[in-house]
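# Below are the sequence and a predicted model; questions follow.
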Amino acid sequence: MSDRIQSVSILGSTGSIGVNTLDVIRRHPERYNVFALTGHSQVELLAQQCREFQPEYVVISEPRHEEVLKALLGGLNTEILSGSSALEMIASHQDVDIVMAAIVGAAGLLPNLAAAKAGKKVLLANKESLVMSGQLFMNTIEDSGATLLPIDSEHNAIYQCLPNGQMSSELGVDKVLLTASGGPFRNFSLESLHNVTPAQAVAHPNWSMGQKISVDSASLMNKGLEFIEACWLFNCDADQVEVVVHPESVIHSMVSYVDGSVLAQMGNPDMRTPIAYGLAWPDRLASGVKPLDLFEVAQLNFEKPDTTRFPCLALAKQSFKDGGCAPAILNAANEIAVAAFLTDKLSFLGISQVVEGTLNGVENHSSESLENILYADKKARDYASSLIQRMNGK
Ligand code: NAD
Ligand code: MG
């Protein structure tokens, strides 16, 4: 255990992961100091977090919010910054030890890369950035000697079940079993999926999360993104990752070994467990999560995923196999489609149609340079937006 207080920057502190991270940090003031907090639109919550944790810096996305934030902070000694380069600065600052990457979507890519390049201990919740830039991100981590710890509960579970967090056939690892809750529509017929609403989609049966990931969980795109995330994080082939639907969300994922052993990591579905694991690694830390009561759980069930009702999972797998910028195109189209669904401009089943149409319509570059990734992201967003307009008869 390090005896020095660790300095933490939280990218996306006002979100679901950000708030849970601060909850864990609040329990351990002797171990962690908050260096920087960042937020997009929830200025009041951001100000409240600053008053409690007194960071050196606070970053708000848009300059127009700076004045309001300043007024809310009063005489507080926290420097207020805005914009994307400020996010990169607080993610790579020499005084920072740990970066919690918890911005949602592609907006997290550049600050996460900055943290990776600066050799930080990177706690990765933002899966979209890894999906977009897999090879580049992993190379950056390796070149700088940064430590990458997965916060996504499934990947955190896999990390805990692998020898030294590594997928190694020499150490007898055979397969990764990636669990999925199945989301709120697990038992819905294809017919009834036509009319589901955003409110139904964000009401996840087991987890309380941000809106975008909740819709992704309902469409199984979340599992598709996580499939790609697992392949990059653990350096495994597509056929070494199997998705297993497990509705109770008590087993967070598993690793199977050549001798027939299957190791599982279990716990209540509460993100403070993987967050505390990442913060404390290689130690352990009390997180505030209720102990698992197996008698209350009583039963664990497993089933195969259905890609006819949930085509997003198959689309994501295929994009990983296609390689190059295909996963970045998939991710961008999905972000646009989910935003349209949440504002009633697209049906739930329209999400996979937009993603598939965009994958077919936007040219894939085989070279995964940052420039190509950002170009593919932009092209895919434009394509998906016009596709949605056409679907709406405009
Ligand atoms: P959320 O919507 O609750 O929070 C997102 C955060 O990102 C907020 O702080 C918001 O201010 C910030 N943000 C949004 N758009 C931004 C932009 N354009 N520029 C800068 N900042 C911006 O999301 P969440 O549920 O906390 O998820 C965050 C990330 O963690 C996602 O990538 C998600 O897939 C991943 N994740 C979340 C959970 C969970 O339980 N919530 C679990 C696993 C992984
Ligand atoms: Mg997950």
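Done, it's in. Owing to the predicted nature of the structure, the values given are computational and were not obtained by experimental measurement. Residues are numbered from 1 along each chain as shown. Ligands and ions are numbered 1, 2, ... in the order given.

# going forward, measure contacts and count neighbours with C-alpha atoms only.
Fine.

# For the nearest residue in space to residue 6 that is not next to it in sequence, grab phi and psi.
Here the nearest residue to residue 6 in space, its sequence neighbours aside, is residue 32; by Cα to Cα, 6 or more residues apart in numbering that works out to 4.8 Å. Dihedral angles phi and psi of residue 32 (degrees, to the nearest 10) take the values phi -130, psi 140.

# ok, residue 32 to ligand 2 distance?
As for residue 32, its distance to ligand 2 is 25 Å (criterion: Cα to the ion, to the nearest Å).

# what's the answer for residue 45, then?
If you go by Cα to the ion, the gap between residue 45 and ligand 2 works out to 25 Å.

# Are we agreed that that residue is in a helix?
Yes - assignment of residue 45 by DSSP: H, G, I helix; E, B strand; the rest coil places it within a helix.

# Now for the residue nearest to residue 6, how many residues are close by?
Residues lying near residue 32 (other Cα atoms under 10 Å) number 20.

# I'd guessed it sits against residue 3; true?
No - the criterion here is Cα atoms under 8 Å, and residue 32 misses it with residue 3 at 10.7 Å.

# so what's the residue nearest to residue 6 up against?
Residue 32 sits next to 5-8, 25 when contact means Cα atoms under 8 Å, 6 or more residues apart in numbering.

# now, which of those lie within helices?
Secondary-structure check on the contacts of residue 32 using DSSP state H: residues within helices are residue 25.

# PyMOL command for the buried members of the contacts of residue 32?
Restricted to the buried members of the contacts of residue 32, where burial is judged by 16 or more other Cα atoms under 10 Å, the PyMOL selection command reads as follows:
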select buried, resi 6+7+8+25
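
# Could I get the phi/psi values of residue 259?
Backbone torsions for residue 259, taken as degrees, to the nearest 10, come to phi -80, psi 0.

# Distance check, the residue nearest to it when sequence neighbours are not counted against ligand 2.
If the residues on either side of it in the chain are set aside, residue 259 comes closest to residue 172, at 7.5 Å by Cα to Cα, 6+ apart. Applying Cα to the ion, the value for residue 172 to ligand 2 is 25 Å.

# now residue 216
Summarising the geometry, the distance separating residue 216 from ligand 2, computed by Cα to the ion, is 10 Å.

# Residue 124 too?
Here the criterion is Cα to the ion. By it, residue 124 lies 11 Å from ligand 2.

# So for that residue, what's the pLDDT?
According to the prediction, residue 124 has pLDDT 98.

# Quick check: it touching residue 100?
Yes - counting by Cα under 8 Å, residue 124 touches residue 100, with 6.5 Å between them.

# Mind naming the longest helix for this protein?
With DSSP H as the criterion, the chain gives helix 370-391 as its longest helix.

# Could you pull out the helices in the stretch 251-394 of the chain for me?
Counting by DSSP state H, counting those that start in this stretch, the stretch 251-394 of the chain has these helices, from start to end: 272-280, 294-297, 311-322, 326-342, 348-361, 370-391.

# Going by neighbour count, list what's buried in stretch 257-268.
Neighbour-count burial for stretch 257-268, with 16+ other Cα under 10 Å as criterion, is recorded at 257, 262-265, 267-268.

# brain fart, stretch 303-321
Of the residues in stretch 303-321, 305, 309-320 count as buried by neighbour count, 16+ other Cα under 10 Å.

# Check stretch 285-304 too.
When neighbours are counted by 16+ other Cα under 10 Å, the buried residues of stretch 285-304 are found to be 285, 287.

# For it, give me every contacting residue.
Contacts of stretch 285-304 with the rest of the structure, by Cα under 8 Å, 6+ apart, involve 24, 27, 243-248, 250, 267-268, 270, 272-273, 276-277.

# Most neighbours among those, which one?
Each of the contacts of stretch 285-304 was scored by neighbour count (other Cα under 10 Å); the top score is that of residue 273, with 25 neighbours.
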